[in-house]
Structures are given as structure tokens and as C-alpha cells.
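Engineer: sequence and predicted structure are below.
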Amino acid sequence: MRRSWKIFWTLVIGLPLAAFVVWGLWDNTRLFAVTLLNGLTLASLYFIVAAGFTLVFGLMRNVNLAHGSLYLLGGYVGFLVAQHTGWFVLALAAGFAGAALVGLLMQVSVFRFMPGQDLRQTMVTIALSIIIADVLLWWLGATVHQMDAPGWLSGPLRDIPLIKAYSKYRLMLLPIGIAIGVALWLFLNRTRVGMMIRAGVDDRAMLSAAGVNVNVLFAVTFAIGAGLAGLGGVIGAVELSMVPGEDVRLLLASLIVVIIGGMGSVVGAALGATILGVAETYGLTYAPTYSVVFTFLILVLVLAFRPRGFLGRPA
Amino acid sequence: MSAANWRNAMNSGAGRAAMRSAGGGTLVAGNRGLTPISAGWNFGGIFASVRPRHIVVLAFLLAYPWFATPFFTFQIGAQSLALGLIALSLTFLGGYGGMVSLAQMTVAGIAGYGVAIFGAASAVDAAISLGWPWWVAVLISIAIATLCATFIGWLSVRTEGIYTIMITLAVGVAFYYLCLQNYSVFNGFQGFQRVQAPTVLGVNLRDPLPFYYLVLFWSLAGYFLVKYLLRAPFGIALQGIRDNPRRMNALGFNVTAHRVAAYAVAGVMAAVAGVLLVWYNGLIGPGSVGTSWIINILIIAVLGGMRHPIGAFIGAIVFVLLQTFAIDVFDRERFNLVIGVVFLVIVLFSPDGLLGWWSGIKSKFPTRGGVR
């Protein structure tokens, strides 16, 4: 793109944004700041879920449209565990393990037998998402389940400058998201398995020729990706709520995050989640009945100028 | 796993060409060998290709409402044909254009909402509905829906293959949430009730018999449009683009323009079907364009098989029969489970749907007609 066009589009997109920020700060500084914090914490949840999605896609070219169902499954498992034991940390672990187990089963029993057929694999994930969603509905009913935050995280945190009081649990999402992001980055960049996964993203044939058992690697990746969805489910079970339909919402979020950020890139997922979370929250606060339009606009703009997302590479 | 399979698996991500041959191979691009640009079909000899079974099917379709009960005419017949028309637009895009779009139900939904918003709905919604004459509302709705379909196409052809599903699904779900959230235009969760077919020239299109023939007419129109397009230069170029976009580009075809045009054509079909469907249901709301219906259209198309336009209608009939009668056998609440399992079985064991299953049987018992 020519330089002048770049400046033109930056102005067209940037000026209204800047005007909105100035107006928002002037109009109600506290509301603006709280919304920003809400957006970032929501982004944190989106990142955790979408990171698993993008990891699986990057390595296996498998668009796992059952990702939302795995999110819901993890949430329910965590909810049941927390109800019986009362330990939040145990619930987190159980949510991760439950979803990871189902993901592992999916990989070992189905996807292994249709390698390289990405369209067919995607259809299978659609079928599985319908089945999982309906089984969950059968099992736990259509009622809203809400998990309580653990004692040490419940209630508001007071005496923050400007914002005054903010939910401790919600605030905690931010470090959790960052921690998971850093852990994932370290895992991918500093461990042997992570190295294999990165190599697999670049060139699967070469990795296999180098003597790596790709099937085991796929299974591990799928389990981690599904587990992250489950973990997100437990975290979201407290913050949002668990009810059939949430799976679609998180699936949409994951899709948009990876379209914006670029497929297969964990850093891209973080960037995409931040943009989506912040945009959605501001939309809900300032223009409640049109908030999806902003999400959609972002999608259109990204696809128009960066069809592969911000950090995407040619597949 | 055989060595060839393994190689396919390993290379599928490495290159787009490999992905097309391995990935789309079984489901979408698999009809490469099955839709020959048949030498026998030209427009002078259009009747030469009419076989007895074509006449039988047509006669059956025309005579159907005279021996079926109104319930079967309306609930099974008309609904199958309307859903089949939407699925046909997906078959056209997916089977012949290589672009599996999940936004076809959304396009149909936009047309349906258009009819409710521009035309007349129940008194409660009158504040939103503009109450224009039905034919103005229908024409404007179809035009808007087609424009939206073209725009969705323009968006999604910027990327390829598996990305198309993701982008169109994102668009579809985003539209669902917009309908759910927005009360000033889409009337939120409620949607619009009592969106009824008009009375034209003294014929009440709400009655099962006229409505069935109306839907039948447009379904046949859609079917023959697709049949015609597949033999027209546009359709042949489109199938070429499905099989090898780079080569078609090198030959001087504008790949993007063909793809967007395919979205527009499919959009018209989906929009017409959307109007028919909203008249059939008598209402439209977020539930009509929600994920389950977005996916149901895909299920219908895949169930029947994307290798031939008739597959969409076969899939629709099976789907509607399942929807109507399977719930008597199973629990009423568990329809989604049934349809999910059926879809899974089809995708796993017969990727070409019922048509593929049928031709599999046929190839075991060769007939004099041969494979066609």
C-alpha cells in the first residue's frame, strides 16, 4: 500500500477513535477507566480460550469448532468439583483435565484417521459440538449455573485510585491471563516439546522425517488446546455464567480473536483478544444494542487490510 | 496407515495445492470426476438428456399435494423444498466453488427480516414494520440480502479454504447476536410474529396447496438455474477455480470476481428461500438465524451430498422427516443429539452424503445406464 493511503486510513480509523477516547475521558473518567479494566479482564478470558484454539489450528490445521463446547464442558466439570470439594484450585485443575481428556479422545479416536482432510475434520468438530452441547444440556439442564468465587477472591478490592472499588476476582483474571500467556510462551519457546510444536507448525513433513512421532505430538497439542478451553470454562463459570449458548459465544470470540490476531500465533491471540475484549466492552457500555456491530467492523477492517490477521503467516 | 496417506497428511499443510487435493478431496472437490462437463448436453438437445426418472420425479412433485394430507403438503413438502433451496445455494458455493459458506442461513434470515421490517407483521411489531406492499417489501428484501451476500463473499474470498468456514461462521453468529441485542430494528429476542404470505389474485398463499406450488416453483427455478450455470462458461470457470485457482488466474480468469459473483448468485437463491421460509414459519426471530440453523443448513447439504444439486433437496427431505418423526421415536428434547449423531456418521463413513452412498451401491450393481 502506498504511504499516503496508509496515512489516510490511519486517520480515518484513528481520528474517530481518538475523539471517542477524549470524549469518554471528559464525559465520565471513572466509567471510562472501569470499562477499560472490564475490557482487559474479559480479554484475558478470551485469550485463555482462544490460545488453545490457535495452538491446535497452527499445528494441525484443524479448525476445532467444538472448542466452545469444550469450554462449557470444562466449566461444568469445574462447577461440579467445586461443589463437592469446595476447592477452587482443584476445580481449575479438573476443568482443564476434563476438557483435555475429551480433546485427547477426539484426536486419538477420530482425527488421527483423517489426516490432512481439514474440511472433513471441521465437519466432524461441528457434529461433535452439537453432540457435546446436547449431552451437557441433557445432563445438567438448561438452568443457569453460577459458580462462587473462592473466599479469598470474593468481594471487591477497595481504595484503588480513580476506580475506587473493583471485584477482586475480576482483577485477578488479568494476572492469570498474563501468567498463562507467559507460561505458554515459555513452553513453546524453551522446552523440547514446544520446539517440536513450533517446528510442526512450520513444516510437518520435515519434522516427521526428523524422527518425531507426530501423532503423539498432535495428541499432546490437542489435549493442551482443549484443556485451555476447559480452564477458561472454569474461570468463566465464575465471571460470566454457565448456560447452554455460552459455548457459541466463546466460539465466536475465539474465531474472531484468531482471525484478527492471525492463525497459529499465540502472541497474535493475545493481541486479538485485547482488541476484541476492549471493543466489545466499550460497545456494551456506550452503545448497548449495537455492540456486535463494532466487533463486526473490526473483523471487516482486519480482513480488508490484513487478510491473514495481524501476525498471521501464509499457511 | 499407508505410505500414501501419510505423505498426504504430512504435506497437506505445506502447500495450498496439496491441501486441495488431500483436504477437499473427499468432500467438496471430490466431484471433480463426477461432474463432467458433459459433451451430450447442449441446448439444442436439451430434451435428449431427459430420462424417464426425471419425468417420474417431476410428475410426483406436481401430483404430491393431491394425494398427501395438508400436513404433509405444508410441513413436509413445502418446508423441505424451502430448506433445500437454501442448502442448494450452499451446495453451489461449496460443491462447485469450493467455498463452504456457513452464512447462507444468515442471508436467508436477512431477507426474512426484510420482509417483516418493510412489510407487515403483527400489531405489536407495527411500530417497526413499515407496512409497504408485499411485493415492494419482498423485492427490496431480496436485493438487500443479495447485497449482503456479495459483501460477505467479498470479505471471505480474501482468504482461502478452511478460513472461509471460520469467517462465514463468525459473520453468521455476529448477525445472530445483533438480532438478539438490537430492539430498534430487529426487535430483539421477540423478533417478528405473524409475518404472513399475501393473497395474490384471489389465491391465498397461506393455504398449503398454493404455498406448496409457490415453493416448488422457486425450488425448481433454483435447481435449473444451478444446472444451467454449471454448464455455462461462468460455472465451468468456477469449477476450474475450485480445482486450481492459480492456474485459472494464470489463464487470465479473474478468480476473485468469479468467487464474489458465485456468492451473489447463491445469495439470490438463499434470499428467495429466506422469504419463503419466513412465510412458512410465519415468524422470524434470532432463533431462526442462530447457530443451530446455520449448522442445520450445512447438515442438510452434507447429508444429501454436495456432488449434485439434487443432494440439497434429498438432504432437506431426510432432515425434515427426521425432525418431524424421529422425535416420536426418541425423546422430543433430544433431536439435536439425533441429528448430531446422524451428521457424524455421514461425515465419518460417507463423506459424499446419501448420494455418495447411493452411487456406492449402484457401482456394485452395474446398470445399463452406467454411472451418471
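Structural biologist: Nice, I can see it.
Engineer: number of nearby residues for the residue in the stretch 151-300 of chain A that chain B sits nearest to?
Structural biologist: Per CB to the nearest CB, residue A:205 is where the stretch 151-300 of chain A lies closest to chain B, at 3.9 Å. From N, CA and C alone the C-beta is placed, and that goes for glycine too. Neighbours of residue A:205 under the rule other CB atoms under 10 Å in any protein chain shown: 18.
Engineer: again with the one 10 residues further on
Structural biologist: Using other CB under 10 Å, the number of residues around residue A:215 comes to 16.
Engineer: what's the closest non-adjacent residue to it?
Structural biologist: Using CB to CB, 6 or more residues apart in numbering or on different chains and skipping the chain neighbours, the partner closest in space to residue A:215 is residue A:112 (6.2 Å).
Engineer: buried set for the lengthiest helix in chain A?
Structural biologist: Selection of the longest helix in chain A by residue count, based on DSSP state H, yields helix A:29-60. The neighbour-count check on helix A:29-60 (16 or more other CB atoms under 10 Å in any protein chain shown) flags A:32-60 as buried.
Engineer: mind listing the strands for chain A?
Structural biologist: A:156-160, A:164-167 (DSSP state E).
Engineer: lowest average pLDDT across those?
Structural biologist: Ranked on mean pLDDT, the bottom entry among the strands of chain A is strand A:156-160, at a mean of 72.
Engineer: partners of that one, with directions?
Structural biologist: Strand A:156-160 has its sheet partners listed here by DSSP bridges as strand A:164-167 (antiparallel).
Engineer: only alpha carbons, please: show the partner strand as PDB.
Structural biologist: What follows is strand A:164-167, C-alpha atoms only, in PDB (Å, rounded to 0.1, in the frame of the first residue of the first chain):
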ATOM      1  CA  LYS A 164     -12.400   3.100  43.900                       C
ATOM      2  CA  ALA A 165     -13.700  -0.400  44.200                       C
ATOM      3  CA  TYR A 166     -13.300  -3.400  41.800                       C
ATOM      4  CA  SER A 167     -14.100  -7.000  42.000                       C
END
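Engineer: what about stretch B:347-357 and chain A, any contact?
Structural biologist: Yes. Applying CB under 8 Å from any CB of the partner chain, one finds stretch B:347-357 touching chain A at B:347, B:348, B:351.
Engineer: hmm, who's touching that stretch?
Structural biologist: Residues from elsewhere that reach stretch B:347-357 (CB atoms under 8 Å, 6 or more residues apart in numbering or on different chains): A:110, A:120, A:123-124, A:127, B:26-27, B:30-31, B:302-308, B:310-311, B:314-315, B:318, B:346, B:359-360.
Engineer: skipping adjacent residues, who's closest to residue A:255 in space?
Structural biologist: Residue A:255 sits nearest to residue B:170 (CB to CB, 6+ apart), 4.5 Å away.
Engineer: from residue A:22, how far out is that neighbour?
Structural biologist: When CB to CB, to the nearest Å is applied, the distance between residue B:170 and residue A:22 equals 31 Å.
Engineer: look at these two and report which has more neighbours.
Structural biologist: Neighbour comparison, residue B:170 and residue A:22: the larger count goes to residue B:170, with 26 against 10 (by other CB under 10 Å).
Engineer: that one contacts residue A:299, correct?
Structural biologist: Yes. The pair residue B:170 / residue A:299 is scored as a contact, 6.3 Å apart, by CB atoms under 8 Å.
Engineer: what sits in contact with each of the two?
Structural biologist: Counting by CB under 8 Å, 6+ apart, the residues touching both residue B:170 and residue A:299 are A:256, A:259.
Engineer: thinking again about what came up before, next up, the contacts around the residue nearest to residue A:255.
Structural biologist: By CB under 8 Å, 6+ apart, residue B:170 lies in contact with A:252, A:255, A:256, A:259, A:299.
Engineer: right, I'll leave it there.
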